[in-house]
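Chemist: Sequence and computational prediction follow.
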Amino acid sequence: MNKDIVEGKWKQIRGEAKAWWGKLTDDDLDRAAGKFEVLAGLLQEKYGYTRERAADEIDKRVTEFETNLNRKTAPAPVK
């Protein structure tokens with residue numbers, strides 16, 4: 001579940017989050033501290049997203065992040 005990923009990998013995701021959502025300040029990201037609901041609330045506040053859109057946006061970004069992370073750490077195929 002992406003909520004768990006956000007909390008568990010917040011330190012890695014935090015840097016990406018700043019690039020994904022440029023309107024979020026360092027203070028905003030500190031306040032979110034990996035809490036999905038707080039991050040969603042900040043997206044609603046800063047971007048005017050609905051609750052559903054904020055959750056969908058986080059899910060989409062975290063899924064992409066996880067996919068890219070898995071690609072980077074996957075062992076190379078044996079030839």
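Modeler: Right, received. Where do you want to start? Numbers count the residues shown, from 1 in each chain.
Chemist: From here on, just use CA atoms for contacts and neighbour counts.
Modeler: Will do.
Chemist: now the helices for the chain?
Modeler: In the chain, helices defined by DSSP state H lie at 2-8, 10-20, 26-32, 36-47, 51-73, listed in chain order.
Chemist: Can you tell me what sits against the longest one?
Modeler: Counting contacts by Cα atoms under 8 Å, 6 or more residues apart in numbering, the residues outside helix 51-73 that touch it are Asn2, Ile5, Val6, Ile13, Trp20, Ala40, Gly41, Leu43, Gln44.
Chemist: which parts of it are buried?
Modeler: Residues of helix 51-73 classed as buried: Ala54, Ala55, Glu57, Ile58, Asp59, Arg61, Val62 (neighbour count, 16 or more other Cα atoms under 10 Å).
Chemist: mind checking how far the last one is from Glu52?
Modeler: In other words, Val62. With distances taken as Cα to Cα, to the nearest Å, Val62 is found 15 Å from Glu52.
Chemist: tell me, what residue is most central in this structure?
Modeler: Nearest to the centroid of the C-alpha atoms of the chain, with distances taken as Cα atoms, centre = their mean, sits Val62, at 4.7 Å.
Chemist: For the contacts of helix 51-73, work out which two are farthest apart.
Modeler: For the contacts of helix 51-73, the maximum inter-member distance is 20.4 Å, found between Ile5 and Gln44 (Cα to Cα).
Chemist: how much space is there between Phe65 and Arg14?
Modeler: Distance from Phe65 to Arg14, counting by Cα to Cα: 11 Å.
Chemist: tally of neighbours for Trp10?
Modeler: Applying other Cα atoms under 10 Å, we find 19 other residues in the vicinity of Trp10.
Chemist: For it, give me its contacts.
Modeler: Ala33, Gly34.
Chemist: Return the residue spatially closest to Tyr49, with its sequence-adjacent residues excluded.
Modeler: The spatially closest residue to Tyr49, leaving aside those adjacent along the chain, is Leu43, at 6.4 Å (Cα to Cα, 6 or more residues apart in numbering).
Chemist: So what does Trp21 have for phi and psi?
Modeler: Phi and psi for Trp21, reported as degrees, to the nearest 10, are phi -130, psi 80.
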